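K.L.:
Would you be able to build a 3D model of this:
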Amino acid sequence: MLIVGAGPTGLAAANLLGLYGIETLVVECDAQTSTIPKGIYIDDEFFRTLDGVGLATQVYENCVPAAGVTYYSRLGFRIAAIKGQITANGYGNRSAIWQPEFEQVLAKGIERWDSASVRFERTLVDLTEGDGKVTAGVVDPDGMRHEIVADYVLGCDGGRSTVRKLLDMPMEGQSYEQPWAVIDMLDDTDQSPFSKYFVHPQRPTDSIPAPRCGRRFEFMLLPGEDPDTILEDDSLRRLFAPYRDFDDVKVFRKAVYTFHALLVRDMRVGRTFLLGDAAHLMPPFGASGMNSGSRDATNLCWKIAAVLRGHATPDILDTYDLERRGHCQAVIDISVTLGRIVNLTTTWLAYLRDLAFWVLSRAPVTGAYITGMRYIPRAVLRDGFLLPSGGRPGRSFVGHMLSQPLVRTPGGDDVLLDTVLGPGFAVVGLDCPAADLQAVVRTGLWHRLSVQAVSVASDASDANGHAVVLRDSRFVETLRQHRGDVLLVRPDRYIAAAVRPEGLSRLEVELQRLMAGTGDGPTSS
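P.N.:
Here you go, the predicted structure:
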């Protein structure tokens with residue numbers, strides 16, 4: 001495997017492939033990981049991936065966990081407050097990281113895997129596919145060209161992706177000329193563990209917490225302001241005046257950005273895949289860019305591992321674009337919409353928005369929708385690597401990510417559910433005391449895939465050797481709908497099927513058909 005780009009997406013993919021034991025090389029044109037804090041938020045799903053590869057603790061120690069956001073009107077009142085919260089995935093809805101440090105943790109993590117490595121100062125210059133392989137031309141620091149032959153290539157090389165350009169994989173959408181000044185500061189006086197969005201029509205401004213007493217300010221430039229001079233001290237002194245004495249600010253980095261809403265036409269060409277910013281660019285207002293890249297990697301890497309291990313045919317890789325494209329577009333769309341709402345510069349419209357959201361955020365139903373950030377679309381699979389559901393009629397969680405409660409193991413340890421599931425496929429019985437799942441997975445396809453069997457009880461009195469859910473509030477809906485079912489959980493924690501225990505034999509047949517590509521292909525659920 002060849003990964004081009006050692007940013008968060010490429011490094012996350014390398015750690016996943018290392019976990020799966022796949023021979024992987026990452027090449028990066030720069031001399032080291034990033035030294036500037038570009039992305040700042042990772043969400044609960046990214047944290048769950050980090051936990052899966054054993055890096056969550058190191059990242060958690062150096063982040064602002066579960067950071068909320070408060071919106072302030074120009075009139076001085078608080079419009080809405082979105083609290084930081086632990087989600088059904090077991091981690092904060094969004095946590096602030098320092099990207100240089102974050103990437104170093106990811107890069108260091110790759111050193112744990114004998115099968116994975118990173119080479120810096122290696123520039124990709126050409127790609128050729130043939131005979132079931134991809135040949136990449138890479139130039140080293142001495143200007144020497146080397147050829148790397150790989151089964152597959154992952155283009156994780158950012159918005160200006162060389163991989164995308166070499167393969168002529170166009171992006172569609174639009175770019176926005178509205179520039180923003182971004183100032184990252186150290187040792188800031190404001191240590192509030194949440195973002196502050198000043199939705200002032202005179203100049204929308206954002207203040208974001210950063211690890212190690214840092215803070216980021218983002219100022220929208222107004223018509224006529226020059227991006228080349230806005231970063232000069234006199235201009236910054238004017239921008240900071242309502243919030244700080246600029247002369248007391250310790251600036252680490254300053255830059256001007258414009259934003260894009262673009263999605264590549266195809267996320268795969270032959271044996272090459274695009275992930276992260278190489279595949280999609282989105283405005284920052286949904287805090288989803290880096291997180292979408294993580295979802296790409298988590299979705300794709302287990303499938304590639306299954307193919308290279310001989311457990312699945314390459315047909316399974318067609319589900320990558322099928323499963324990721326719709327969600328990427330949905331996140332782009334909501335990011336654009338949020339930007340339009342919070343960055344109004346027409347005074348009367350801004351005041352009308354403030355009043356509307358003040359009321360809506362305090363009403364029971366709409367308030368929960370706003371403060372729970374339910375407007376950020378969750379990935380729900382409707383097509384792709386799914387199997388016909390044989391569970392209870394009504395609402396099914398097939399296609400959803402499995403919630404992750406805290407459970408008590410039969411050995412008495414309190415852990416998050418993923419610790420029990422392991423890194424591969426799992427069958428999870430929910431209040432199925434009569435189902436001997438351990439006996440099932442010791443045979444046939446289950447055994448060849450090293451499927452982990454986990455029985456979960458919702459009540460300690462029914463434990464009988466099962467893991468017991470300790471925090472039902474994060475798992476209650478799944479239990480309510482699927483009590484008595486066995487869930488087939490993919491390595492990326494999405495539920496691929498739900499069946500009654502007596503349907504496991506049929507499920508094995510359907511899974512074999514899907515892995516081998518001998519049936520009708522991916523199904524809808």
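
K.L.:
Shouldn't H260 be within a strand?
P.N.:
Yes: assessed with DSSP: H, G, I helix; E, B strand; the rest coil, H260 lies in a strand.

K.L.:
Could you tell me how many residues sit around the closest residue to L317 other than its chain neighbours?
P.N.:
Distance criterion CB to CB, 6 or more residues apart in numbering; nearest residue to L317, sequence neighbours excluded, is K303 at 5.7 Å. C-beta: built from backbone N, CA, C; applies to glycine. Using other CB atoms under 10 Å, K303 is surrounded by 24 other residues.

K.L.:
Next: R353.
P.N.:
Look at R353: counted by other CB under 10 Å, it has 19 neighbours.

K.L.:
do P211 as well
P.N.:
P211, neighbours per other CB under 10 Å, totals 19.

K.L.:
L275: what's its closest spatial neighbour, skipping adjacent residues?
P.N.:
Closest to L275 by CB to CB, 6+ apart is D296, at 4.0 Å.

K.L.:
ok now do the one you found, which residues does it touch?
P.N.:
With contact set as CB atoms under 8 Å, 6 or more residues apart in numbering, D296 has these partners: T9, M267, L275, G276, A279, Y320, R324.

K.L.:
same thing with A31?
P.N.:
Counting by CB under 8 Å, 6+ apart, A31 touches F120, E121.

K.L.:
quick one: contacts of whichever strand or helix holds P209?
P.N.:
P209 is part of strand 205-210 when elements are defined by DSSP states H and E. Strand 205-210 has contacts (CB under 8 Å, 6+ apart) with 37, 40, 64, 67, 96, 98, 184-185, 190-198, 215-220, 239, 242-243.

K.L.:
Partner strands of the helix or strand just after it, with direction?
P.N.:
For strand 205-210, the following helix or strand on the C-terminal side (DSSP H and E) is strand 214-220. Applying DSSP bridges to the sheet, strand 214-220 is found paired with strand 171-186 (antiparallel), strand 205-210 (antiparallel).

K.L.:
Out of those, which gets nearest to K165?
P.N.:
Taking CB to CB, strand 171-186 is the member of those nearest to K165, at 10.5 Å.

K.L.:
Looks like D43 contacts N93 (just checking).
P.N.:
Yes: between D43 and N93 there is a contact at 6.6 Å, judged by CB atoms under 8 Å.

K.L.:
about what we covered before: roughly how far is the strand holding P209 from the heart of the chain?
P.N.:
What separates the centre of strand 205-210 from the centre of its chain is 21 Å, taken as CA atoms, centre = their mean, to the nearest Å.

K.L.:
do stretch 319-334 as well
P.N.:
12 Å.

K.L.:
what do you get for stretch 371-378?
P.N.:
14 Å.

K.L.:
Tell me how this structure divides into domains.
P.N.:
Domain assignment for the chain by automatic domain parsing gives 2-64+93-173+260-332, 406-516.

K.L.:
Any idea which of those has the lowest pLDDT on average?
P.N.:
Ranked by mean pLDDT, the domains of the chain bottom out at domain 406-516, with a mean of 87.

K.L.:
how long is that one end to end?
P.N.:
Start-to-end span of domain 406-516 (CA to CA, to the nearest Å) is 35 Å.

K.L.:
now swap in stretch 477-488 and tell me
P.N.:
With CA to CA as the measure, stretch 477-488 spans 17 Å from end to end.

K.L.:
quick one: the residue nearest to L317 and R324 touch, right?
P.N.:
No: the criterion here is CB under 8 Å, and K303 misses it with R324 at 11.3 Å.

K.L.:
overlap in contacts of the two?
P.N.:
By CB under 8 Å, 6+ apart, K303 and R324 have no common neighbours.

K.L.:
Buried ones in stretch 111-122, by neighbour count?
P.N.:
Across stretch 111-122, burial judged by 16 or more other CB atoms under 10 Å covers W113, S115, A116, V118, R122.

K.L.:
Which residues does it contact?
P.N.:
Identification of contacts with stretch 111-122 by CB under 8 Å, 6+ apart yields 6, 11, 14-15, 17-19, 21-32, 54, 107, 110, 138-141.

K.L.:
and the residues you listed, which are buried?
P.N.:
Applying 16+ other CB under 10 Å to the contacts of stretch 111-122 flags 6, 11, 14-15, 17-19, 22-29, 107, 110, 138-139 as buried.

K.L.:
residues near T128, how many?
P.N.:
T128, neighbours per other CB under 10 Å, totals 12.

K.L.:
measure it to E147 for me?
P.N.:
Using CB to CB, to the nearest Å, T128 is found at 9 Å from E147.

K.L.:
what sits in contact with each of these two?
P.N.:
Going by CB under 8 Å, 6+ apart, residues that sit against T128 and also against E147 are T135, G137.

K.L.:
thinking again about what came up before, can you put the strands paired with strand 214-220 in CSV and add distance to L2?
P.N.:
Compiled in CSV, the strands paired with strand 214-220 are given as follows (distance: least, CB to CB, whole Å):
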stretch, distance to L2
strand 171-186, 22
strand 205-210, 33
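
K.L.:
Setting aside sequence neighbours, what's the nearest residue to M267?
P.N.:
Using CB to CB, 6+ apart, the nearest residue to M267 is D321, at 4.3 Å.

K.L.:
List the buried residues in the helix or strand encompassing that neighbour.
P.N.:
Here D321, judged by DSSP H and E, is contained in helix 319-342. Buried residues in helix 319-342, counted by 16+ other CB under 10 Å: 319-332, 334-336, 338-339, 342.

K.L.:
Please, which helix or strand holds A80?
P.N.:
Element membership for A80 (DSSP H and E) is strand 78-82.

K.L.:
what's the span of stretch 355-373, first residue to last?
P.N.:
Terminal residues of stretch 355-373 lie 19 Å apart, using CA to CA.

K.L.:
So among the contacts of strand 205-210, which ones count as buried?
P.N.:
Judged by 16+ other CB under 10 Å, buried ones among those: 37, 40, 64, 67, 96, 98, 184-185, 194-198, 215-220, 239.
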